[in-house]
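Participant: here's a sequence, model it:
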Amino acid sequence: MAYNAQHKVPWHWPVPAYLVTKAIGAGVFMVLALGFGLRLFGFDRETAVIGLLVSLVFIAITTGLLVYDLERPERFFSILLRPQWKSWLTRGAFILVGFTVVAGIWWLLETLVYFGVLDSGLADAVRPVALWTGLALAVGAAIYTAFLFGQAEGRDLWQSSLLPFHLIVQALVAGSGVLLLMDAWWGLPESVGAVSLIVFVAAAKLRTCSSRWWASSGCHTPARPRPPRLTRSATAATASTSGSAASCWATSCRWHWWR
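Facilitator: As a prediction, this is how the structure comes out:
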């Protein structure tokens, strides 16, 4: 038996949708930044231009969904002009803006060099700073939602100490999955596809193992049934993972038959 009071659902489809788009935007940047920065694969300007553009597009969609979900969308600017720094909604907005600025500058410089408009010297000098600064902001963009959910009182299913870790892993799964999809259709350097495949499999396995451990540890037992909005969130996350798995399968087929 469960007791529940009927009330208006405060969070609608844009919230689970924004979790997926944010994971893709942050995850693509994280995989590319780690790959370039740690020399897991060589720097390729075309890959950087396309990958950064995909990341920026999905972060822009994320911001649009957040604004759309507000009861008064015109008040979004008040978050930036009159910030309440104790709120993770405000902190998250500034993280997204900062990430967009850093990634946007890096993408613009690499694009201008790619089309021969600008000499490569400036882009080469800015790249390490933009790469590591953007990586920190991408991690922040991926995990700040966990702390925002922590401020949402009365939603027991979100009070998990592993949620920041889960969001980072989910971003790696989504980002590497999208890179695999790009490799399957457009063709990326072989090393980028190989690293993306390794990241996808490892992150997906890590996410599954950590979830099973958390469930079996008995540390967190929900006190009430799953709300409908959480079901939609789980559906959206499952759709994202399924899409990444499909892209992984397509890439594997491509490597098997075309190479």
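Participant: show me where pLDDT drops low in the stretch 1-150 of the chain?
Facilitator: By pLDDT under 70, the weakly predicted segments of the stretch 1-150 of the chain are 1-11, 71, 73-74.
Participant: show me the helices in it, by range?
Facilitator: Shown for the stretch 1-150 of the chain, the helices assigned by DSSP state H, counting those that start in this stretch span residues 14-37, 45-69, 76-81, 88-114, 120-150.
Participant: can you say which of the ones you listed is packed in most?
Facilitator: With neighbours taken as mean count of other C-beta atoms under 10 Å, those reach their highest mean count in helix 14-37, at a mean of 25. Where C-beta positions appear, they are placed from N, C-alpha and C, glycine not excepted.
Participant: can I get that one in PDB, CA atoms only?
Facilitator: The C-alpha trace of helix 14-37 is given here as PDB (Å, rounded to 0.1, in the frame of the first residue of the first chain):
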ATOM      1  CA  PRO A  14      12.300  18.800 -20.900                       C
ATOM      2  CA  VAL A  15      14.000  17.700 -17.700                       C
ATOM      3  CA  PRO A  16      14.800  14.100 -18.700                       C
ATOM      4  CA  ALA A  17      15.500  15.300 -22.300                       C
ATOM      5  CA  TYR A  18      18.000  17.800 -21.000                       C
ATOM      6  CA  LEU A  19      19.700  15.000 -19.000                       C
ATOM      7  CA  VAL A  20      20.400  13.200 -22.200                       C
ATOM      8  CA  THR A  21      21.500  16.200 -24.300                       C
ATOM      9  CA  LYS A  22      23.700  17.400 -21.500                       C
ATOM     10  CA  ALA A  23      25.400  14.000 -21.200                       C
ATOM     11  CA  ILE A  24      26.100  14.000 -24.900                       C
ATOM     12  CA  GLY A  25      27.400  17.600 -25.000                       C
ATOM     13  CA  ALA A  26      29.600  17.200 -22.000                       C
ATOM     14  CA  GLY A  27      30.600  13.600 -22.900                       C
ATOM     15  CA  VAL A  28      31.800  14.300 -26.400                       C
ATOM     16  CA  PHE A  29      34.000  17.100 -25.100                       C
ATOM     17  CA  MET A  30      35.400  14.900 -22.200                       C
ATOM     18  CA  VAL A  31      36.300  12.000 -24.500                       C
ATOM     19  CA  LEU A  32      38.000  14.300 -27.100                       C
ATOM     20  CA  ALA A  33      39.800  16.400 -24.400                       C
ATOM     21  CA  LEU A  34      41.100  13.300 -22.600                       C
ATOM     22  CA  GLY A  35      42.200  11.700 -25.800                       C
ATOM     23  CA  PHE A  36      44.000  14.800 -27.100                       C
ATOM     24  CA  GLY A  37      45.400  15.800 -23.700                       C
END
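Participant: rebuild the helices of the stretch 1-150 of the chain as a markdown table, extending it with distance to Val195.
Facilitator: Shown next, in a markdown table, are these (distance: least, C-beta to C-beta, whole Å):
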| stretch | distance to Val195 |
| --- | --- |
| helix 14-37 | 5 |
| helix 45-69 | 11 |
| helix 76-81 | 36 |
| helix 88-114 | 19 |
| helix 120-150 | 15 |
